[in-house]
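Trainee: Next one to model:
(one chain, ligands or ions: 1)
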Amino acid sequence: MSDETAFAQAPAADAAPIVTEPIRPGVPKVDPILIADGVTRQFGGNTAVDVEHVEIPRGKITALIGPNGAGKTTFFNLLTGFDRPNTGTWTFDGSDLAGVPAYKVARRGMVRTFQLTKSLGLLSVLENMRLGATGQLGERFLPSLMPFLWSRRESEITDKAMELLARFKLDTKASDYAASLSGGQRKLLEMARALMSDPTLVMLDEPMAGVNPALTQSLLGHILGLKDSGMTVLFVEHDMHMVQTIADWVIVMAEGKVVAEGYPREVMADQAVIDAYLGAHHDTDLGTLTGQLAIAEEVGISDELIEQIEEELEEEAEEETEEETEDATEGGSK
Ligand SMILES: Nc1ncnc2c1ncn2[C@@H]1O[C@H](COP(=O)(O)OP(=O)(O)OP(=O)(O)O)[C@@H](O)[C@H]1O
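Mentor: Here you go, the predicted model:
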């Protein structure tokens, strides 16, 4: 928060406080799972990340927000070993992680979701899940799908993948191309895939982008479910409704730096945050059907398939709405 004299207020009477010191950028957490110091990343003359000190609270849902180009994704990439910083150190669960490659970071329990790239979209849903089991997802790992490289763990991995797909209601899509999924289903797949390596910290990159409104509740429910099962969640998101609905803590980045943090209600009321960020995003509507088309175009699938998706969208939206209504009527707030 910009007001450094503001003291921490617990969000609910029964919830343990996240901080006990006055709230300010970089404020120490009562129980941090991730602590980063002096992390910088430059691209040419542009400083993309310049984080002096930040701590992520354990067992909570933390939102990382900020305007386009603020450095959120680059910071994610650095923390998870997919990019190397110019300077900086960070610890995860007490152990030093700086310089540790991505697959080892994932094995230690910190995973991030990935948007479906063109090639991942051309794999089946189940194949995408199997990649998650390696804990080192990326196109360079595609050779691991070669049958002769598969270990005897294959059937265990498949069983686990199918269990998770069932939990995310994607089991009937297991052999479909991932590119044929709706925007919301893709996000569910990204999340399910991250869970293949049994993480303790899950980092979600724009989980609501391109999500059909009919799947929004389900997705939010799944994210809350991660916290309920003891995981820590850190997510980047432009959808302020989502941030206010599920985040326990909010960290604001601008021009590579952490410029504000705090409980969602206080951060959203911070005039500096509103001026720098929220005003520009008030009209952002990420829960539209067109978001799905944007993703389809982004992954470069054919015009024909895009047309097909377009035709199926309305039908699918109706079905999903019916499913959600049924779930709600059955008393499940999933
Ligand atoms: N590989 C790269 N090469 C050069 N510049 C980069 C690279 N990746 C990121 N940048 C630059 O670093 C800055 C931070 O980008 P980043 O994508 O991390 O921001 P962001 O907060 O995630 O933005 P958005 O909300 O739009 O995704 C931007 O100025 C961007 O242009």
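
Trainee: Near the ligand, which residues of the stretch 1-150 of the chain? Just list them.
Mentor: Applying Cβ under 6 Å from any ligand atom, we find that the stretch 1-150 of the chain lies next to the ligand at 43, 46, 48, 66, 68, 69, 70, 71, 72, 73, 74. Placement of C-beta: from N, CA and C, glycine included.

Trainee: Just the buried ones from the residues you listed, in ChimeraX syntax?
Mentor: The buried residues among those can be selected in ChimeraX (16 or more other Cβ atoms under 10 Å) with this line:
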select :48,66,70,71,72,73,74
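
Trainee: Mind putting the residues of the stretch 1-150 of the chain next to the ligand into TSV with secondary structure and pLDDT?
Mentor: Output for these, formatted as TSV (DSSP: H, G, I helix; E, B strand; the rest coil; pLDDT from 0 to 100):
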residue	secondary structure	pLDDT
43	strand	95
46	strand	94
48	strand	97
66	coil	90
68	coil	87
69	coil	90
70	coil	92
71	coil	94
72	helix	93
73	helix	92
74	helix	94
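
Trainee: Farthest-apart pair in the residues of the stretch 1-150 of the chain next to the ligand, please.
Mentor: Farthest-apart pair in those is 43 and 66; separation 17.0 Å (Cβ to Cβ).

Trainee: From the residues of the stretch 1-150 of the chain next to the ligand, pick the one nearest residue 262.
Mentor: Residue 262 lies nearest to residue 66 out of these, by Cβ to Cβ, at 14.1 Å.

Trainee: Can you list the low-confidence ranges for this structure?
Mentor: 1-15, 115-119, 134-153, 276-334 (pLDDT under 70).

Trainee: ok, of the residues of the stretch 1-150 of the chain next to the ligand, which one's closest to residue 186?
Mentor: residue 73 (17.3 Å).

Trainee: State the distance from that closest one to residue 202.
Mentor: Per Cβ to Cβ, to the nearest Å, residue 73 is found 16 Å from residue 202.

Trainee: now do residue 217
Mentor: Distance from residue 217 to residue 202, by Cβ to Cβ: 19 Å.

Trainee: Could you check which of those two is surrounded by more residues?
Mentor: Neighbours were counted for residue 217 and for residue 202 using other Cβ atoms under 10 Å; residue 202 has more, 23 against 15.

Trainee: Quick check, the more buried one in contact with residue 193.
Mentor: No. In this structure, residue 202 is not within contact of residue 193 by Cβ atoms under 8 Å, at 10.8 Å.

Trainee: hey, what's in contact with both of the two?
Mentor: residue 113 (Cβ atoms under 8 Å, 6 or more residues apart in numbering).

Trainee: who's in contact with the spatially most central residue of the chain?
Mentor: Closest to where the C-alpha atoms of the chain average out (Cα atoms, centre = their mean) is residue 204, at 0.8 Å. For residue 204, the contacting residues are 112, 113, 190, 191, 194, 223, 233, 234, 235, 236, 237, by Cβ under 8 Å, 6+ apart.

Trainee: can I assume the third one sits in a strand?
Mentor: No. Per DSSP: H, G, I helix; E, B strand; the rest coil, residue 190 lies outside any strand segment and is helix.

Trainee: Helices of the chain, start to end?
Mentor: For the chain, applying DSSP state H gives helices covering 72-79, 102-107, 118-121, 125-134, 154-167, 183-195, 213-228, 240-246, 264-268, 271-273, 279-281, 289-298, 303-329.

Trainee: Just give the number of residues close to residue 254.
Mentor: 18.

Trainee: same deal with residue 203?
Mentor: 23.
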